[in-house]
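1. Quick one, structure for this:
(2 chains)
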Amino acid sequence: MLFSVSLYSLHFKDDDVPQIVLTNGKPMVAVPNPHDVNDKTMYARGLNPPQAFFDIFKKTLDMLYEESMESPKTANLVVHPPLYGRPFGGWLVSKAIRYAKGFTEVWFARRMDVANWCLQLFREGKLTSEALPE
Amino acid sequence: MRLGKLLPGSTPTRAPHDARIIVCLQIAVEHYVGPTIRAHVSIAPAFPEEAISQGKINYIGLSWQDYGGNAGLPRLMRILDKYGVPATGAVNGVMVERYPDLIREFARAGHEVCGHSWAQDVREFTLSEEEERENIRRCVEIITRVTGERPYGWVSPGGQLSERTLVLLAAEGFTYSLDFKDDDVPYIVEVDGHRIVAIPNPYDINDIQVYARSGNPPEAYVSVFQRAFDILYEEGAEQPKIINSIMHPPLFGRPFGAWALEEVIQYAKRFPKVWFARRREVADWVLSSYGETR
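-> Residues are numbered from 1 along each chain as shown, chains lettered A, B, ... in the order given. Have a look, this model is predicted:
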């Protein structure tokens, strides 16, 4: 139900690049949404020190940036306001944004923008699709 | 308790290249086929026990583990290639079936494919003798068909072998087993008249243990490796020691973890007398040192 009316879904953790999936014959964008850089999984559940949030984001960005010569990658940063919205976490979000801004050729995008970009490529025949398994 | 009957004097005292330390890089190419994807609950996004008990499909866990074949393993292979070092893949049969081109490429790149049960939730101790033999043969068949070479080694999922696993492996022509955690050196055991090389396979340097289950930051993986390397290298002047580095593509195949493989390789490469070996080479060395050939 959800899929049939959505432009995109964040239920995908199986790649670093977005993909087009067909649901009921209609294209939908699977935007990667890993939990690696996520205050809840990394800090609250993973018992890492707070700073690990930035370190993991930095490692992720460095690696994906190195690989992006072949195709653009998406890096994800998930924050929950009641957790890293607190002062002890908020400064790490600032630090992550500043770090990403230090690179050229970085796009800060809303998911909707990513989905529209992929759908445009799909319509132009530059992206293939795969059917979503039942 | 030692599995099998130890052959005294079967631990070699000299290694190829006069190595003091043997670095075994291990990629655990695993896949859960059943609802026991619950085993990944601590590292994959949480899936409620209630849903598991109702037999619901853990889509999010399945999507999480598919990262391994889609992006994680290719990335780890790229890093191994960058430094020109070989690895041993502990590969579930179902991963060979799902990603034949990738596993063929893995083997062609010079890495070894080691048997690792059909799936991560096909565990030896739950199987009858006939089922266990069939499980081994099914893995041998698909690995041989896809890579052109049969596997010579085996590691049970989670290291949880049955009382007859070693006997069955020996009868099916396997040379070595990785279900041993009781030493830093390899040795030969006799089971049912066959000889099997016991290669140490500790879980100390393992992304699931060090990062996902233990609440350490990813950097801990590298520091645990370096500490272990230093002490084994020092001791390796007397007798060559084995160090093990295990990564799972859905976990440290991700960008935040894969850098640790680079760090580990770079660190070991700083030293002379280091042998980056596939497990099969280790087994062949142990057997030939003991005056055996396969």
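
2. Per-residue pLDDT of the nearest residue to A:Pro72 once chain neighbours are set aside, please?
-> The spatially closest residue to A:Pro72, leaving aside those adjacent along the chain, is A:Val17, at 7.5 Å (C-beta to C-beta, 6 or more residues apart in numbering or on different chains). (C-beta placed from N, C-alpha, C; glycine too.) According to the predicted model, the pLDDT of A:Val17 comes to 93.

3. what's the answer for B:Leu3, then?
-> In this model, B:Leu3 is scored at 80, pLDDT.

4. Just want the residue of chain A that's nearest chain B.
-> Of chain A, the residue with the smallest distance to chain B, taken as C-beta to the nearest C-beta, is A:Leu47 at 3.0 Å.

5. residues contacting that residue?
-> B:Gly215 (C-beta atoms under 8 Å, 6 or more residues apart in numbering or on different chains).

6. Relative to A:Glu67, how far out is it?
-> Here A:Leu47 is placed at a distance of 29 Å from A:Glu67 (C-beta to C-beta, to the nearest Å).

7. Could you do A:Pro81 as well?
-> For A:Pro81, the distance to A:Glu67 (C-beta to C-beta) stands at 31 Å.

8. In terms of neighbours, single out the busier of these two.
-> When neighbours are counted by other C-beta atoms under 10 Å in any protein chain shown, A:Pro81 and A:Glu67 differ, and A:Glu67 comes out ahead with 18 against 10.

9. contacting residues around that one?
-> Taking C-beta under 8 Å, 6+ apart, we find A:Glu67 in contact with A:Asp16, A:Lys73, B:Arg75.

10. The first one contacts B:Ala71, doesn't it?
-> This points to A:Asp16. Yes - using C-beta atoms under 8 Å, A:Asp16 makes contact with B:Ala71 at a distance of 5.2 Å.

11. Spell out the residue ranges of the helices in chain B.
-> B:49-53, B:59-67, B:73-83, B:93-98, B:100-108, B:129-147, B:165-171, B:207, B:219-235, B:255-269, B:279-289 (DSSP state H).

12. Over to chain A?
-> A:2-5, A:52-67, A:87-101, A:111-123.

13. re earlier: so can I have TSV of the contacts of A:Glu67 showing distance to B:Pro200 and neighbour count?
-> Putting the contacts of A:Glu67 into TSV (distance: C-beta to C-beta, whole Å; neighbours: other C-beta atoms under 10 Å in any protein chain shown) gives the following:
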residue	distance to B:Pro200	neighbour count
A:Asp16	34	24
A:Lys73	37	20
B:Arg75	27	22
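
14. ok, so of those residues, who is nearest A:Met63?
-> For A:Met63, the nearest member of the contacts of A:Glu67 is B:Arg75. The distance, counting by C-beta to C-beta, is 7.7 Å.

15. low-scoring pLDDT stretches of chain B, where are they?
-> B:1-2, B:35-46, B:292-294 (pLDDT under 70).

16. what about 50?
-> Confidence mapping of chain B against pLDDT under 50 gives the ranges B:39, B:41-42.

17. same question, chain A
-> Going by pLDDT under 50, which is the cut-off in play, chain A has low-confidence ranges at A:1-4, A:134.

18. Could you list the residues of it in contact with chain B?
-> For chain A, the residues in contact with chain B (C-beta under 8 Å from any C-beta of the partner chain) are A:11-16, A:34-37, A:41, A:45-49, A:51-52, A:55-57, A:59-64, A:67, A:75.

19. Give the buried subset of the residues you listed as a PyMOL selection command.
-> The following PyMOL selection, which keeps only the buried ones among the residues of chain A next to chain B, applies the criterion 16 or more other C-beta atoms under 10 Å in any protein chain shown:
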select buried, chain A and resi 11+12+13+14+15+16+34+35+36+37+41+45+46+48+52+55+56+57+59+60+61+62+63+64+67+75
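
20. Residue 22: neighbour count?
-> I'll assume chain A. Taking other C-beta under 10 Å as the definition, A:Leu22 ends up with a neighbour count of 13.

21. if you could check chain B rather than the one you did, that'd help
-> A count of neighbours around B:Ile22, defined by other C-beta under 10 Å, yields 27.

22. Please apply the same query to B:Tyr59.
-> A total of 15 residues lie near B:Tyr59 under the criterion other C-beta under 10 Å.

23. Give me the longest strand you can find in the chain.
-> Since you didn't name a chain, this refers to chain A. Longest strand of chain A, by residue count under DSSP state E: strand A:26-32.

24. that answer is for a different chain, and I need it for chain B
-> For chain B, the strand reaching the highest residue count under DSSP E is reported as strand B:21-29.

25. Give me the contact status of that strand with chain A.
-> No - legend: contact between strand B:21-29 and chain A by C-beta under 8 Å from any C-beta is lacking; minimum distance shown is 15.0 Å.

26. Now do the same contact list for the residue nearest the centre of chain A.
-> Geometric centre of chain A, nearest residue: A:Asn76, 3.4 Å, by C-alpha atoms, centre = their mean. Under the criterion of C-beta under 8 Å, 6+ apart, the neighbours of A:Asn76 are A:Pro32, A:Asn33, A:Pro34, A:Asp36, A:Val37.

27. again, but for B:Arg138
-> Counting by C-beta under 8 Å, 6+ apart, B:Arg138 touches B:Gly93, B:Trp118.
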